[in-house]
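Participant: Attaching a predicted model along with its sequence, questions to come.
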Amino acid sequence: QELLCIFGTGDLGRTLGQCLLQTGYRVVYGSRRPHSCGPLPQGAQVMSHDAAAQSASLVFVCIHRQNYGFLESLASGLKGKVLVDVSNNLKKDLYPEANAEYLQRLIPGAHVVKAFNTLSAWALQNGPSDANRQVYMCGNNAEAKQAVSEIATKLSFTVLDRGSLSAARELEDFPLQLFPEWRLPLRLAVGLTAFFFFYLLIRDIISAYVEEGKDISFRIMVSLANKVFPIVSLIMLTLCYLPGVIAAFLQLYRGTKYKRFPDWLDRWMLCRKQLGLLALGFASLHVLYTLIIPIRYYVRFRLSAITISEIRENRTTKFDTTMAWRTDSYYSVGILGFGLYVLLGITSLPSISNALSWREFSFIQSKLGYLTLFICTFHTYLYGWDKFLRVSSYKWYTPPGYMLSLVLPSVVLVLKLLLLLPCVDRSLTRIRQGWE
Amino acid sequence: QELLCIFGTGDLGRTLGQCLLQTGYRVVYGSRRPHSCGPLPQGAQVMSHDAAAQSASLVFVCIHRQNYGFLESLASGLKGKVLVDVSNNLKKDLYPEANAEYLQRLIPGAHVVKAFNTLSAWALQNGPSDANRQVYMCGNNAEAKQAVSEIATKLSFTVLDRGSLSAARELEDFPLQLFPEWRLPLRLAVGLTAFFFFYLLIRDIISAYVEEGKDISFRIMVSLANKVFPIVSLIMLTLCYLPGVIAAFLQLYRGTKYKRFPDWLDRWMLCRKQLGLLALGFASLHVLYTLIIPIRYYVRFRLSAITISEIRENRTTKFDTTMAWRTDSYYSVGILGFGLYVLLGITSLPSISNALSWREFSFIQSKLGYLTLFICTFHTYLYGWDKFLRVSSYKWYTPPGYMLSLVLPSVVLVLKLLLLLPCVDRSLTRIRQGWE
Amino acid sequence: QELLCIFGTGDLGRTLGQCLLQTGYRVVYGSRRPHSCGPLPQGAQVMSHDAAAQSASLVFVCIHRQNYGFLESLASGLKGKVLVDVSNNLKKDLYPEANAEYLQRLIPGAHVVKAFNTLSAWALQNGPSDANRQVYMCGNNAEAKQAVSEIATKLSFTVLDRGSLSAARELEDFPLQLFPEWRLPLRLAVGLTAFFFFYLLIRDIISAYVEEGKDISFRIMVSLANKVFPIVSLIMLTLCYLPGVIAAFLQLYRGTKYKRFPDWLDRWMLCRKQLGLLALGFASLHVLYTLIIPIRYYVRFRLSAITISEIRENRTTKFDTTMAWRTDSYYSVGILGFGLYVLLGITSLPSISNALSWREFSFIQSKLGYLTLFICTFHTYLYGWDKFLRVSSYKWYTPPGYMLSLVLPSVVLVLKLLLLLPCVDRSLTRIRQGWE
Ligand SMILES: Cc1cc2nc3c(=O)[nH]c(=O)nc-3n(C[C@H](O)[C@H](O)[C@H](O)COP(=O)(O)OP(=O)(O)OC[C@H]3O[C@@H](n4cnc5c(N)ncnc54)[C@H](O)[C@@H]3O)c2cc1C
Ligand SMILES: Cc1cc2nc3c(=O)[nH]c(=O)nc-3n(C[C@H](O)[C@H](O)[C@H](O)COP(=O)(O)OP(=O)(O)OC[C@H]3O[C@@H](n4cnc5c(N)ncnc54)[C@H](O)[C@@H]3O)c2cc1C
Ligand SMILES: Cc1cc2nc3c(=O)[nH]c(=O)nc-3n(C[C@H](O)[C@H](O)[C@H](O)COP(=O)(O)OP(=O)(O)OC[C@H]3O[C@@H](n4cnc5c(N)ncnc54)[C@H](O)[C@@H]3O)c2cc1C
Ligand SMILES: NC(=O)c1ccc[n+]([C@@H]2O[C@H](COP(=O)([O-])OP(=O)(O)OC[C@H]3O[C@@H](n4cnc5c(N)ncnc54)[C@H](OP(=O)(O)O)[C@@H]3O)[C@@H](O)[C@H]2O)c1
Ligand SMILES: NC(=O)c1ccc[n+]([C@@H]2O[C@H](COP(=O)([O-])OP(=O)(O)OC[C@H]3O[C@@H](n4cnc5c(N)ncnc54)[C@H](OP(=O)(O)O)[C@@H]3O)[C@@H](O)[C@H]2O)c1
Ligand SMILES: NC(=O)c1ccc[n+]([C@@H]2O[C@H](COP(=O)([O-])OP(=O)(O)OC[C@H]3O[C@@H](n4cnc5c(N)ncnc54)[C@H](OP(=O)(O)O)[C@@H]3O)[C@@H](O)[C@H]2O)c1
Ligand SMILES: CCCCCCCCCCCCCCCC(=O)OC[C@H](COP(=O)(O)O)OC(=O)CCCCCCCCCCCCCCC
Ligand SMILES: CCCCCCCCCCCCCCCC(=O)OC[C@H](COP(=O)(O)O)OC(=O)CCCCCCCCCCCCCCC
Ligand SMILES: CCCCCCCCCCCCCCCC(=O)OC[C@H](COP(=O)(O)O)OC(=O)CCCCCCCCCCCCCCC
Ligand code: HEM
Ligand code: HEM
Ligand code: HEM
């Protein structure tokens, strides 16, 4: 049974020690106060830093970087040993050099390996199932890395080697990331939402106030929201499929797949998943807003008012079969579209996309994805019906929101149809097969 | 640091090279055009095929099978080396022998290992989290497999050894699969949907047209769909639990668990998960269709018409408490059933079913599953109430759809009750414990 | 190719053998009836126990514990061999000692390793993707454990070493667990539900019956349920965030993070995930119950009755803009809250929480979690509006349910606000950084 040393009896030190002990290692702690350092895992020894380091060939340095200073005095004792730097910083670019490089500079004789810093003491403590099982590692000495990698594997982590110690900075930035790949899609979503909100606010509510003096501002909360959300959803869904079409035309034009795409296209393609999931969120909101329509006070009032006026004026409206067909159809088509939408979402869950073969994944995301786009577009066309013919739809000479939302999807669907033409499809396939 | 060779600078070659370099291997490419082969990962060398192969003991052949021909000329240089065949085909049974076997035939002196072909260059590029982490491998030489397996493990893949090279065909078919286990359930779902659609179309809509000349075809889109979907869902839910009951009776009859089930039963049992998930999809559609009922034009029109006629004819309907109890009950029971249904779905997510112990999984899927079936059946009985007594329910002498849908669930529930009788349960448990 | 021995040709023996054969091991079975033991995986040999054990250095004992007796007679032949005990029991504490310890006692000369007992033969058979990939292992001999661990790794399991054979009991209890961490939250949920159910039953329904003789018992199924569920959901959501606040105040009061929390607080903090998920379930029920309101017979009847009475009495109600704003607002806020709620749920899926860095996870669970709590509380305040001013709200001097439900969330939100004050926040951060 190998003996490992841990410097620092803090949260991470203790948790790591416990895991190591459980796996069959022996553990010795190095602490400033070996005799008063609080509850440690059962079976571990505590000594001064110096004594602890002596007995082991590998030391986990579970101390905050700002306290590394004292380690310099141990430099001779640590010569030739493997030092595992687990530290993180509170902010990016707080220090000029990475913590691990700083440690290496302090103790040049040791083999510093950066690892384990992406784990959380809390998560480690609460059993393995909940925590992230990937350990990123980097370091300059291959044997040192091998030793750390073996320990990590025994602790049942998956090790991902990231090369030399110069990658330490990158590794130290991992735990500070806050959804980097969601930023662009989120900004886009906020932008689109704001645009359509103000556009429709002016068109529907302010115009009514200015022209007829009617205060229908209460419509903002539900009616307006239930226009903005589906419109943004449809546009963002389209933006998932537009880059694929652009890429295809670019490849056709260039006649080869071996030229890199322009940078903006690359970045766009890499955030389609996030775009799509946000679009699904907006679509879900649209569905919930639609479903609460009938419990709204305003709706109930209006329906009752219609009935009352019909009786008072002794009018009889006839049942309009076309209307019944049309509305039922667009509800039905919407439900179908939403079902497919949710299916796309479910297959993006990592555990499911991992279980799918490449062909299955792209069948769902690409084929069924286009189907979803088509159905959602169709739903909107059915909803619009012949509104585009009526002049009253163009208040203040602006088209209603749903018309704006239909432009992009229609274009993308037509372009995709072009790409599906046998002759175009054939040359595209050949290009994608590596033919030049 | 070991040196590995990659033939072919295409998509997969480049991506694989990048991963290998990141993990600390050195990489040399073999290319037809070493000097004009586009952007390669930093740190890699490019040479002619011959030169590249010489320096390494392991070669990844990242070339399409139809271009393997030229490798024959390198046969002598590749003697004793490990050749990793990563190729896939566009279709099944395109060639008489597996690609890897063909490669082995071309270069008999090399040790061909089939591996990595189920990965996707695209997914590999976009970080490890999204891609499938399983590498299937087969080959005739144990050491060669060991070498490949080590590399794959370092790249943090999980290796699944599938035996000798004769398994290559199977491995090459993996990426071509398109949901094989969903086929039977999907066909069943389509069949049932079609049957009930036409049955109800004739019974409800065509009969109304023929007998009363009323055109209520608009009902197809929502009213009819909202009968077909729940009915199919209920039947498919039952079909998840029927095979378990049949198996139990078979085991009771045979008195042993060591005889294989008939093939059809085995196949049926293996697609219960898919059956259940499709049933959940149909149930979700039922719920959404139910929830949009009150925004339908037809429903609003009818409700308003009833109110109007009540006033015009000066009728007063009394509040019917039984009706209120009954309808509220069946909604409530339906919601409960749907909640459990979704719970069954959530626990089939691979990441969750993996976190559950065998006992927990079967508690949810089996115990709560039967509860779900019971509750959904009860919901339908409550919905039907005393309709079965009224002659008008049997238009054209056919029973309404919900009655048909109740037959199977009722039978399964009764059979399950039989199996739960202490005496039956005891002998079944003994048989399942291996007692003979 | 190594030869492994399996005792017992039952379900697990056969399945394990098949997996081993597929991975390239050779397998020999030891059976009581080598010549009539049913279908075995292709390529395996069968012999008597004695003969089979002789040829291999590692034996999987795939036999039920109650049949271990006969192994004693093989003790001499099994000397020095590794025996893998895979057995489980039907109940906890059925036997005084763990099965593996019993086996070790029977054959003192062998090296018993407990492993593989958490797997399920059924799941193993149906491919690797569906089954739990973690193998817990314990044993007294390090080399024996190493041997077993290698086999498990080759079978592509993740091995978790749990130390010496004295941990066998714990491992044998794993498969018998039935959601231990859900018990407390479930009990709480049931308790709260029962309390509010009876409270509201008495207050709303029985009081109406007693005071006015009106039978509105039909309201139990939906109206009452739709009060109980959201109330319980809101309270349980609060209970997820209360312990964090208590812990913070405790740390502030103690001035250090290195003292253990009281036991009840620890246990409470460890079941917040389950509390939260149950709360989400209740919230989903609230949403579904809300959405079916307009199809209820009672609601339709009442709406129609109001319209009719308005006409008969020739009354005209005016549209109340405040009412429209208020109701639309609380629906809208509720939807937003529910959306965030679902987001919290989605990020607790193991596959997603694993993909998130610690900072991302706590951003969603902690920051967005508080936001969710705030929004849901706000929704309830908006729903209550000025009801608290009306005397009629306090039937039988009891406050309506929603008021009770608002107490705890309001307190928690205020306390959290206190903690966010810069001065308090600063010292808390310092304490959590290890400063003393
Ligand atoms: C709700 C929702 C969820 C979405 N989730 C995802 C998602 O999880 N991942 C994603 O990339 N896009 C996702 N998208 C975006 C979009 O559906 C896909 O990018 C889609 O593949 C684009 O189709 P295309 O034909 O335009 O792609 P093209 O550019 O023509 O080709 C894309 C090809 O890339 C390949 N590919 C992309 N990602 C993977 C992967 N992870 N594994 C294997 N192969 C891959 C597929 O072969 C696909 O055919 C989602 C969209 C929505 C609405
Ligand atoms: C929404 C929904 C989702 C479903 N998801 C699944 C699913 O993910 N997997 C599935 O098999 N069925 C699934 N089903 C089908 C059905 O619920 C189960 O097959 C159920 O276990 C049958 O119960 P039974 O008592 O008839 O089974 P029996 O034949 O009496 O016994 C089946 C036994 O097999 C065992 N078993 C089956 N699968 C596994 C597994 N993956 N891991 C461990 N043990 C297992 C269990 O011990 C279970 O008790 C699903 C059904 C629905 C409606
Ligand atoms: C629908 C729903 C789902 C929920 N799912 C979860 C869940 O999956 N896990 C959970 O713990 N709570 C879950 N909760 C409960 C609650 O949201 C969290 O416990 C929340 O973090 C408490 O916030 P706090 O600021 O009070 O926590 P504090 O006690 O102040 O701090 C808790 C800290 O612990 C850390 N932490 C907790 N769990 C993990 C983990 N798995 N990985 C990394 N760090 C962690 C985080 O850093 C968090 O900041 C859920 C609640 C709801 C409503
Ligand atoms: N906590 C996590 O979840 C986590 C996750 C990843 C990485 N990390 C990293 O792990 C390291 C430790 O984190 P932690 O949460 O365990 O911190 P901590 O609980 O604050 O513990 C730090 C330990 O360092 C020692 N120490 C403090 N001041 C010192 C000084 N001036 N000189 C020498 N030693 C001193 C102390 O141990 P003694 O009293 O025994 O000397 C103390 O227990 C940090 O670098 C952190 O970035 C932590
Ligand atoms: N792409 C994937 O996602 C993926 C996934 C799994 C398996 N695979 C398999 O990996 C292999 C390569 O796929 P790929 O997508 O990388 O293909 P690719 O991009 O088309 O690249 C193929 C490479 O093979 C070389 N080549 C082409 N024609 C040749 C010829 N006549 N003679 C010799 N070499 C020739 C070229 O490299 P040089 O110009 O340098 O000679 C070319 O870059 C295929 O067998 C494929 O089935 C691919
Ligand atoms: N099935 C599972 O999913 C699973 C999962 C985890 C652990 N386990 C454990 O694995 C062990 C075997 O389970 P199993 O499901 O495979 O049981 P099983 O199907 O009942 O098989 C037990 C085998 O033990 C042998 N056996 C029966 N009575 C015996 C006796 N009196 N003396 C000697 N051998 C006897 C028989 O093999 P021969 O006729 O060839 O002698 C029989 O096939 C149990 O300890 C169980 O707890 C099972
Ligand atoms: C209108 C709404 C429609 C909602 C659809 C509900 C989902 C039902 C269909 C699921 C199909 C999944 C296909 C996956 C492809 C595949 O092969 O996936 C393969 C995977 C892995 O399979 P193996 O592990 O068996 O190899 O299969 C799965 O595990 C699928 C799990 C599906 C989980 C469903 C989760 C339900 C979540 C609750 C949603 C509730 C929505 C409520 C709305 C009102
Ligand atoms: C009426 C609809 C009801 C919807 C129910 C919502 C889900 C709430 C209950 C979840 C219970 C999960 C039990 C899992 C068993 C277990 O122990 O599972 C164990 C796992 C793993 O636990 P550990 O990783 O902690 O070991 O726990 C989980 O991670 C459970 C995650 C649950 C994720 C919920 C996802 C919500 C998806 C959104 C659905 C929205 C539906 C909206 C409808 C209108
Ligand atoms: C009002 C209801 C709102 C419903 C919200 C729907 C979900 C849309 C937003 C998803 C956001 C996920 C953020 C995860 C954080 C992250 O970065 O997560 C990171 C992970 C992992 O990413 P990588 O694997 O790319 O690294 O990303 C994901 O995979 C997210 C998968 C999301 C799956 C959505 C499942 C939809 C289930 C169906 C729900 C239907 C509800 C219907 C109600 C009527
Ligand atoms: C359950 C499924 C769905 C139902 C029941 C549904 C229903 C409706 C209804 C009733 C409207 C009219 C709203 C109004 O009067 O303002 C509408 C509009 C719209 N829907 Fe859907 N829908 C569904 C799904 C979807 C989906 C998945 C999309 C895709 C993004 C979508 C896109 C739109 C758009 C763009 C509009 C026009 C908004 C406007 O400008 O008024 N719908 N839908
Ligand atoms: C949210 C939960 C649910 C609600 C609110 C609900 C509501 C309803 C309603 C209103 C009907 C009558 C439809 C009509 O008038 O045609 C109905 C019928 C029916 N429901 Fe549900 N239901 C729910 C869940 C379920 C589930 C989970 C199942 C299981 C499969 C189910 C099975 C059925 C069946 C078989 C019918 C009879 C269909 C027919 O022939 O008309 N329901 N339900
Ligand atoms: C889609 C989202 C939501 C909608 C449409 C919604 C709608 C409603 C409605 C209509 C009521 C009044 C019920 C009645 O008349 O008895 C209500 C009450 C309430 N809601 Fe929500 N809600 C939503 C989400 C939530 C969420 C996420 C919570 C958080 C737990 C919540 C908590 C409450 C509470 C505590 C009450 C008061 C219950 C009572 O005592 O009557 N709601 N909600």
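Facilitator: That came through, no problem. Ligands and ions are numbered 1, 2, ... in the order given.
Participant: ok, how many other residues are close to residue A:290?
Facilitator: 19 (other C-beta atoms under 10 Å in any protein chain shown). From N, CA and C alone the C-beta is placed, and that goes for glycine too.
Participant: got the buried residues for the least confident helix or strand in chain A by mean pLDDT?
Facilitator: The helix or strand of chain A with the poorest confidence is helix A:121-125; it has a mean of 77 (mean pLDDT, DSSP states H and E). For helix A:121-125, the neighbour count (16 or more other C-beta atoms under 10 Å in any protein chain shown) marks A:121, A:122, A:123, A:124 as buried.
Participant: Now for the residue of the stretch 151-300 of chain A found nearest ligand 6, how many residues are close by?
Facilitator: In the stretch 151-300 of chain A, the residue that lies nearest ligand 6 is residue A:156 (20.0 Å; C-beta to the nearest ligand atom). For residue A:156, the neighbour count with other C-beta under 10 Å is 17.
Participant: Not counting its neighbours along the chain, what's nearest it?
Facilitator: Computed as C-beta to C-beta, 6 or more residues apart in numbering or on different chains, the closest residue to residue A:156 that is not its neighbour in sequence is residue C:158, at 4.8 Å.
Participant: correct me, but residue A:377 touches residue A:409?
Facilitator: Yes - between residue A:377 and residue A:409 there is a contact under C-beta atoms under 8 Å: 4.3 Å.
Participant: who touches both of these two?
Facilitator: Counting by C-beta atoms under 8 Å, 6 or more residues apart in numbering or on different chains, the common neighbours of residue A:377 and residue A:409 are residue A:234.
Participant: re earlier: pull up the gap between the residue nearest to residue A:156 and residue A:158, please.
Facilitator: As for residue C:158, its distance to residue A:158 is 9 Å (criterion: C-beta to C-beta, to the nearest Å).
Participant: those strands in the stretch 1-150 of chain A, which residues are they?
Facilitator: A:3-7, A:26-30, A:45-47, A:58-61, A:82-85, A:111-115, A:134-139 (DSSP state E, counting those that start in this stretch).
Participant: neighbouring strands for the longest one, and are they parallel or not?
Facilitator: In its sheet, strand A:134-139 lies beside strand A:111-115 (antiparallel), strand A:158-161 (parallel), with partners assigned from DSSP bridges.
Participant: Of these, which is nearest ligand 5?
Facilitator: Among the strands paired with strand A:134-139, strand A:158-161 comes nearest to ligand 5, with 20.6 Å by C-beta to the nearest ligand atom.
Participant: CA-only coordinates of the closest one in PDB, if you can.
Facilitator: Provided in PDB are the C-alpha atoms of strand A:158-161 (Å, rounded to 0.1, in the frame of the first residue of the first chain):
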ATOM      1  CA  THR A 158     -11.300   9.600 -16.100                       C
ATOM      2  CA  VAL A 159      -8.000  11.400 -16.800                       C
ATOM      3  CA  LEU A 160      -7.600  13.800 -19.700                       C
ATOM      4  CA  ASP A 161      -4.000  14.700 -20.300                       C
END
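Participant: Just list what the helix or strand following that strand packs against, helices and strands only.
Facilitator: Going down the chain from strand A:158-161, the next helix or strand is helix A:168-173, by DSSP states H and E. Packing partners of helix A:168-173 (3 or more C-beta pairs under 8 Å, 6 or more residues apart in numbering or on different chains; DSSP states H and E): helix A:99-106, strand A:111-115, strand A:134-139.
Participant: Would you mind listing what in chain A touches ligand 10?
Facilitator: With C-beta under 6 Å from any ligand atom as the criterion, chain A meets ligand 10 at residues A:226-227, A:230-231, A:233-234, A:237, A:283, A:286-287, A:290, A:331, A:334-335, A:337-338, A:341, A:376, A:379-380, A:383, A:401-402, A:405.
Participant: What about those, which are in helices?
Facilitator: Taking DSSP state H, the ones among the residues of chain A next to ligand 10 that sit in helices are A:226-227, A:230-231, A:233-234, A:237, A:283, A:286-287, A:290, A:331, A:334-335, A:337-338, A:341, A:376, A:379-380, A:383, A:401-402, A:405.
Participant: thinking again about what came up before, roughly how far does the residue of the stretch 151-300 of chain A closest to ligand 6 sit from residue A:45?
Facilitator: 25 Å.
Participant: ok, residue A:145 - contacts?
Facilitator: Each residue near residue A:145 by C-beta under 8 Å, 6+ apart is listed here: A:113, A:137, A:138, A:139, A:161, B:24.
Participant: number of nearby residues for the last one?
Facilitator: In other words, residue B:24. Residues lying near residue B:24 (other C-beta under 10 Å) number 17.
Participant: Now it. Nearest residue, chain neighbours left out?
Facilitator: Per C-beta to C-beta, 6+ apart, closest to residue B:24 is residue A:161, 5.4 Å.
Participant: Please verify my assumption that the one you found contacts residue A:135.
Facilitator: No - using C-beta under 8 Å as the test, residue A:161 is too far from residue A:135 to be in contact (9.8 Å).
Participant: residue ranges with poor pLDDT in the stretch 301-436 of chain A?
Facilitator: A:435-436 (pLDDT under 70).
Participant: One more pass at 80, please.
Facilitator: A:433-436 (pLDDT under 80).
Participant: Residue of it closest to ligand 4, please.
Facilitator: Relative to ligand 4, the nearest point of the stretch 301-436 of chain A is residue A:350 (22.4 Å; C-beta to the nearest ligand atom).
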